[in-house]
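Chemist: task: produce atomic coordinates for the following.
(chains A and B)
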Number of protein chains: 2
Amino acid sequence: MNLITVGTVAFDSIATPFESREKVIGGAATYISLAASFLNGSCGVVSVVGDDFPESVITDLKSRGVDWSGLEIKQGEKSFHWSGKYHLDMNSRDTLATDLNVLASFEPKVPASFQNADYVMLGNLVPAVQIGVLRQMAKRPKLVVLDTMNFWMDVAREDLDRVFTMVDVVTINDEEARQYTGERSLKKAARQILALGPKALIIKKGEHGALLFGGDEVFFAPAMLLDEVKDPTGAGDSFAGGFIGYLAKTDDISFDNMKRAIVHGSALASFTCEDFGPDALMKVTAEQLQHRLNAFDQMVRI
Amino acid sequence: MNLITVGTVAFDSIATPFESREKVIGGAATYISLAASFLNGSCGVVSVVGDDFPESVITDLKSRGVDWSGLEIKQGEKSFHWSGKYHLDMNSRDTLATDLNVLASFEPKVPASFQNADYVMLGNLVPAVQIGVLRQMAKRPKLVVLDTMNFWMDVAREDLDRVFTMVDVVTINDEEARQYTGERSLKKAARQILALGPKALIIKKGEHGALLFGGDEVFFAPAMLLDEVKDPTGAGDSFAGGFIGYLAKTDDISFDNMKRAIVHGSALASFTCEDFGPDALMKVTAEQLQHRLNAFDQMVRI
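Modeler: Take a look at the predicted model:
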């Protein structure tokens, strides 16, 4: 397995201003592994669920290249459940409930078949758990990408600082970049985060696109324009999965290839937004992806 | 005069989360004409001020190419004054006060030397006044660009609908596009606005860049990344002035040239943000502009 991810596999209850859905399939590792497998052909997952998680979903994702060797199924326990409500702008949201359940005692175990992976995506999780995964690798992977969120900046800052020094690429959103650094300017915030060690930083801005910083270079990719955003949940994870999936497939971690990887991630994330849960992402064809990549090219070419 | 604008010449009192300034030089026509003159060499202004507006500023802008033949100076009256407060994100603001003063009875008079202009920028103003300017033109200009704001959508919707059908390019911000059309999707909103007649629509997203829609084409230009945004007041007008100034200078209104015009507008707007009022814009050199255009090119090139 050349590419693995650690992250949640979960249920989401989602309210948008237009529609609500209970217990939709969700979780960072679900979206990451789906998007990554789409491009790379496969992706290993290290995660945990309860016995309430549908086997049909596990089978379905397996048929799409997801390797579940690192999935622990805890009998008699419940899967992680997140509940959130989107604001009218569909670009920001409030968390209504976080039922950790199996996640409360999650100790990731990286199977032997995953320990030599060159590409590792650390999905948003307790920073100590992310570090735990890295420590179980047989060798330093070629590229480690980290996703995190504001919550850990508040409650686990020290561990988070440590994991920042252990990875190659950090992905966070614009408000988190500002919160973490205390800088209003994303340019200054990026400088501060890169000084911690990562070779590159991706600042996700949702419908406003994404910025890639590395050394003295900056690249900007707009988000695809959609007729309708039905549910943006999982878009950031689909983006990250597409990003690392493209890098793993092409096995090229240059800054220039990261630009192409971001465009692929952005295209896959746009599909995710078109339906609740991973439904739209699961239906994507190579032809549809190519169509969206072409639209992107048109949108930025002068 | 190949290029003219109508709009306010005014005083602004501005509070940002970091600093406040009283009675800074402002007004849409001030920023538009400055940015447009920088690229086109000259720009005529149709506007009105009271006798409190500093003559030194009028002289200063004249030396930069601004033609004040259409400026009415009302003795014994006060200039338009706007007061606003920026939110912490510096990307949104509240209006604290709008003292119309001379603007309350403004009836624009387009001087004979302006009436054959090929390029007309209608700065944000009462839609009826914008229509009044168009009616005074000796011939249909080659290109009319309209800027407007949410306020007129609320209080002068009918006139605004009319002026939309009379112009070639509309520039509004993302929230205004949504409010005007009732569409959350900018793609759908653009379709609806273009159906009214304009050949192109520019949706300004402040620090998140700008979208250009025309026919079936979309172009996206990110905003320049700055170390510090001191005061964004006038950025939208500098953008519009740079846009039409570039088109007037090159005398090419193709969609492809509009893309280049947007990048020039965006670069000029970025200077405006670096200081209060038009100070930073007034100091820009051709070399500094080229430097920023290069940075833009780097930021989008794959």
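
Chemist: list, one by one, the residues from chain A near chain B.
Modeler: Residues of chain A lying near chain B by Cβ under 8 Å from any Cβ of the partner chain: A:90, A:184-188, A:205, A:208-209, A:211, A:217-220, A:222, A:225-229, A:256, A:259-260, A:263, A:298-300, A:302. Bear in mind the C-beta positions are built from the backbone N, C-alpha and C, glycine included.

Chemist: who touches the residue lying closest to A:Ser266 once chain neighbours are set aside in this structure?
Modeler: Excluding the flanking residues, the one nearest A:Ser266 by Cβ to Cβ, 6 or more residues apart in numbering or on different chains is A:Ala221, at 5.3 Å. The neighbours of A:Ala221, taking Cβ atoms under 8 Å, 6 or more residues apart in numbering or on different chains as the test, are A:Gly209, A:Ala210, A:Leu212, A:Lys259, A:Ile262, A:Val263, A:Ser266, A:Phe296, A:Val300.

Chemist: can you tell me the centre-most residue of chain A?
Modeler: A:Asp237 (2.6 Å; Cα atoms, centre = their mean).

Chemist: give me the element it is part of.
Modeler: Element membership for A:Asp237 (DSSP states H and E) is helix A:235-250.

Chemist: which helix or strand lies directly C-terminal to that helix?
Modeler: Downstream of helix A:235-250, the next assigned helix or strand under DSSP H and E is helix A:255-272.

Chemist: got a list of contacts for the next helix or strand after that following helix?
Modeler: Later in the chain than helix A:255-272, the nearest helix or strand by DSSP H and E is helix A:279-283. With contacts defined as Cβ under 8 Å, 6+ apart, helix A:279-283 is touched by A:31, A:34-35, A:38, A:60, A:64, A:234, A:238, A:268, A:271-274.

Chemist: mind redoing it with 7 Å?
Modeler: With contact meaning Cβ atoms under 7 Å, 6 or more residues apart in numbering or on different chains, helix A:279-283 is reached by A:Tyr31, A:Leu34, A:Ala35, A:Ser238, A:Leu268, A:Phe271, A:Thr272, A:Glu274.

Chemist: the nearest residue to the fifth one once chain neighbours are set aside: how many residues sit nearby?
Modeler: The shortest distance from A:Leu268 to any residue that is not its chain neighbour, by Cβ to Cβ, 6+ apart, is 3.8 Å, and that residue is A:Gly242. A:Gly242 is surrounded by 32 other residues when neighbours are defined as other Cβ atoms under 10 Å in any protein chain shown.

Chemist: quick one: A:Pro141 and A:Ala248, what's the gap?
Modeler: 10 Å (Cβ to Cβ, to the nearest Å).

Chemist: kindly apply the preceding question to A:Leu289 instead.
Modeler: Applying Cβ to Cβ to A:Leu289 and A:Ala248 gives a distance of 16 Å.

Chemist: what about A:Thr165, neighbour count?
Modeler: Counted with other Cβ under 10 Å, residues neighbouring A:Thr165 total 9.

Chemist: can you report phi and psi for it?
Modeler: phi -80, psi -10 (degrees, to the nearest 10).

Chemist: which pLDDT value belongs to it?
Modeler: Here the pLDDT value assigned to A:Thr165 is 97.

Chemist: and the closest residue to it other than its chain neighbours, which helix or strand is it part of?
Modeler: Among residues not flanking A:Thr165 along the chain, A:Gly197 sits closest, at 4.4 Å (Cβ to Cβ, 6+ apart). Using DSSP H and E, A:Gly197 maps to neither a helix nor a strand.

Chemist: give me the distance between A:Leu201 and B:Arg292.
Modeler: For A:Leu201, the distance to B:Arg292 (Cβ to Cβ) stands at 22 Å.

Chemist: the two: which has the busier surroundings?
Modeler: Between A:Leu201 and B:Arg292, A:Leu201 has the larger neighbour count (other Cβ under 10 Å), namely 24 against 19.

Chemist: how far does the helix or strand where the more buried one lies sit from its chain's centre?
Modeler: Assigning secondary structure by DSSP H and E places A:Leu201 in strand A:200-204. The chain centre lies 12 Å from the centre of strand A:200-204; the measure is Cα atoms, centre = their mean, to the nearest Å.

Chemist: got the CA coordinates for the helix or strand just after it in CSV?
Modeler: Downstream of strand A:200-204, the next assigned helix or strand under DSSP H and E is strand A:210-214. Only the C-alpha atoms of strand A:210-214 are listed here, as CSV (Å, rounded to 0.1, in the frame of the first residue of the first chain):
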residue,chain,number,x,y,z
ALA,A,210,-7.4,27.4,-1.9
LEU,A,211,-3.9,28.8,-1.6
LEU,A,212,-0.7,26.8,-1.7
PHE,A,213,2.4,28.3,-0.1
GLY,A,214,5.9,26.9,-0.3
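
Chemist: what's the first helix or strand after strand A:210-214?
Modeler: Past strand A:210-214, the next helix or strand by DSSP H and E is strand A:217-221.

Chemist: contacting residues for A:Asp118?
Modeler: A:Asn2, A:Pro141, A:Lys142, A:Leu143.

Chemist: same question, A:Trp82
Modeler: Contacts of A:Trp82 (Cβ under 7 Å, 6+ apart): A:Ala10, A:Asp12, A:Gly26, A:Thr95, A:Thr98.

Chemist: can you add neighbour count and pLDDT and give these back as TSV?
Modeler: Below are those laid out as TSV (neighbours: other Cβ atoms under 10 Å in any protein chain shown; pLDDT from 0 to 100):
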residue	neighbour count	pLDDT
A:Ala10	26	97
A:Asp12	23	97
A:Gly26	27	98
A:Thr95	10	93
A:Thr98	13	92
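
Chemist: turn those into JSON lines, including secondary structure.
Modeler: Listed next are these as JSON lines, based on DSSP: H, G, I helix; E, B strand; the rest coil:
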{"residue": "A:Ala10", "secondary structure": "strand"}
{"residue": "A:Asp12", "secondary structure": "strand"}
{"residue": "A:Gly26", "secondary structure": "strand"}
{"residue": "A:Thr95", "secondary structure": "strand"}
{"residue": "A:Thr98", "secondary structure": "strand"}
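
Chemist: give me the more crowded residue out of A:Leu289 and A:Ala248.
Modeler: Neighbours per residue (other Cβ under 10 Å) separate A:Leu289 from A:Ala248, with A:Ala248 holding more: 28 against 18.

Chemist: report the contact partners of that one.
Modeler: Here A:Ala248 is in contact with A:Asn2, A:Leu3, A:Asn40, A:Tyr119 (Cβ under 7 Å, 6+ apart).

Chemist: highest neighbour count among those residues?
Modeler: Among the contacts of A:Ala248, A:Leu3 has the most neighbours (other Cβ under 10 Å), with 30 neighbours.

Chemist: quick one: that one and A:Ala117 touch, right?
Modeler: Yes. Between A:Leu3 and A:Ala117 there is a contact under Cβ atoms under 7 Å: 6.0 Å.

Chemist: quick check: neighbours shared by those two?
Modeler: Shared contacts of A:Leu3 and A:Ala117 (Cβ under 7 Å, 6+ apart): A:Gly44.

Chemist: from the stretch 51-200 of chain A, which residue is nearest to chain B?
Modeler: A:Lys187 (4.5 Å; Cβ to the nearest Cβ).

Chemist: which helix or strand contains that residue?
Modeler: Short version, using DSSP H and E: A:Lys187 is in helix A:186-194.

Chemist: report all helices and strands that that helix contacts.
Modeler: helix A:174-181, strand A:200-204, strand A:210-214 (3 or more Cβ pairs under 7 Å, 6 or more residues apart in numbering or on different chains; DSSP states H and E).

Chemist: can I get these in CSV with mean pLDDT?
Modeler: Compiled in CSV, those are given as follows (pLDDT from 0 to 100):
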stretch, mean pLDDT
helix A:174-181, 95
strand A:200-204, 98
strand A:210-214, 98
